[in-house]
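Colleague: have a look at this prediction, sequence included:
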Amino acid sequence: DTGVSQDPRHKITKRGQNVTFRCDPISEHNRLYWYRQTLGQGPEFLTYFQNEAQLEKSRLLSDRFSAERPKGSFSTLEIQRTEQGDSAMYLCASSLSGYGNQPQHFGDGTRLSIL
Amino acid sequence: AQSVTQPDIHITVSEGASLELRCNYSYGATPYLFWYVQSPGQGLQLLLKYFSGDTLVQGIKGFEAEFKRSQSSFNLRKPSVHWSDAAEYFCAVVGTNAGKSTFGDGTTLTVKP
């Protein structure tokens, strides 16, 4: 169990640029989640996958955001035409599937700073 | 819709004192409840979880939490706080249909020497 890995840890970019983050889940976990966390707030759900299927997307996930998990292993989260309000910590988590009783294991996040 | 409220934004306790962090949830059925801890610049670490059965659950680092259905609460406790416990604590609920976690806004714990 090597844990959930996120890359990069920190991304600084100019407004209007596109950014892509990567998440590698725990290898035996078939569920993968993306959350966004801003200062002073708890993580907010963005989307989750079971294997390669994207099962749920939050209304927070505007059309500038897209997530993929093409082979059911790692996932990418892309933000197009970044805005100031996108500055946040983006957290990835993984779990086994179940009835909600499987705890989610979190990576250390990617902190996005928009100049 | 499920929701979580953590009424205390910031709590300060002296080292060695007891601790209780409050969590109230809203969910139509019996939820799955979790407490996580987050240190600055890091992800969330699971402290403990409640699914069913005994309403007092034990976790890591000496933490425990009690599920009270009548009060829709899942408060986190520790009998004696250590300086290393200073961090942000999040309560979360997951519905029985699984999927996303819904988090509270967290409680920041400061430990005085």
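Modeller: Yep, it's here.

Colleague: list the beta-bridge partners for the single nearest residue of chain B relative to chain A.
Modeller: Nearest residue of chain B to chain A (C-beta to the nearest C-beta) works out as B:Phe103 at 3.3 Å. No exception for glycine: its C-beta is placed from N, CA and C like everyone else's. Per DSSP bridges, residues listed as beta-bridge partners of B:Phe103: B:Ala92.

Colleague: residues in chain B within reach of chain A, list them.
Modeller: For chain B, the residues found near chain A under the criterion C-beta under 8 Å from any C-beta of the partner chain are B:4, B:31-32, B:34, B:36, B:41-46, B:49, B:51, B:90, B:92, B:94-106.

Colleague: give me that answer again for 10 Å
Modeller: B:4, B:6, B:9, B:31-32, B:34, B:36, B:38-39, B:41-46, B:48-52, B:88, B:90-106, B:108 (C-beta under 10 Å from any C-beta of the partner chain).

Colleague: from these, list the buried ones, please.
Modeller: B:4, B:6, B:31-32, B:34, B:36, B:38, B:43-44, B:46, B:48-51, B:88, B:90-95, B:98-104, B:106 (16 or more other C-beta atoms under 10 Å in any protein chain shown).

Colleague: kindly state the beta-bridge partners for the most centrally placed residue in chain A.
Modeller: Centroid-nearest residue in chain A, with C-alpha atoms, centre = their mean: A:Trp34, separated by 3.1 Å. On the basis of DSSP bridges, A:Trp34 is bridged to A:Thr47, A:Cys92.

Colleague: ok, B:Thr5 - how many residues close by?
Modeller: Residues contacting B:Thr5 under the criterion other C-beta atoms under 10 Å in any protein chain shown number 14.

Colleague: what is the neighbour count of the closest residue to it other than its chain neighbours?
Modeller: Nearest residue to B:Thr5, sequence neighbours excluded (C-beta to C-beta, 6 or more residues apart in numbering or on different chains): B:Asn24, at 4.6 Å. As a burial measure, B:Asn24 scores 17 neighbours (other C-beta under 10 Å).

Colleague: now do the contacts for B:Asn24.
Modeller: B:3-7, B:68, B:71-75, B:91, B:104 (C-beta atoms under 10 Å, 6 or more residues apart in numbering or on different chains).

Colleague: the same query, at a cut-off of 6 Å, please.
Modeller: B:Thr5, B:Ser72, B:Ser73 (C-beta atoms under 6 Å, 6 or more residues apart in numbering or on different chains).

Colleague: quick one, phi/psi of the first one?
Modeller: Backbone torsions for B:Thr5, taken as degrees, to the nearest 10, come to phi -120, psi 130.

Colleague: which residue packs closest to the spatially most central residue of chain B, ignoring adjacent ones?
Modeller: Per C-alpha atoms, centre = their mean, the C-alpha nearest to the average position across chain B is that of B:Trp35, at 3.6 Å. Distances taken as C-beta to C-beta, 6+ apart put B:Leu47 closest to B:Trp35, at 4.4 Å, once the chain neighbours are dropped.

Colleague: just to check, the residue nearest to the centre of chain A is in contact with A:Thr47?
Modeller: Yes: assessed by C-beta atoms under 6 Å, A:Trp34 is found in contact with A:Thr47 at 5.2 Å.

Colleague: who touches both of those two?
Modeller: Common neighbours of A:Trp34 and A:Thr47 (C-beta under 6 Å, 6+ apart) are A:Ala67.

Colleague: quick check: closest non-adjacent residue to A:Glu83.
Modeller: With C-beta to C-beta, 6+ apart, the residue lying closest to A:Glu83 is A:Arg15, at 6.3 Å.
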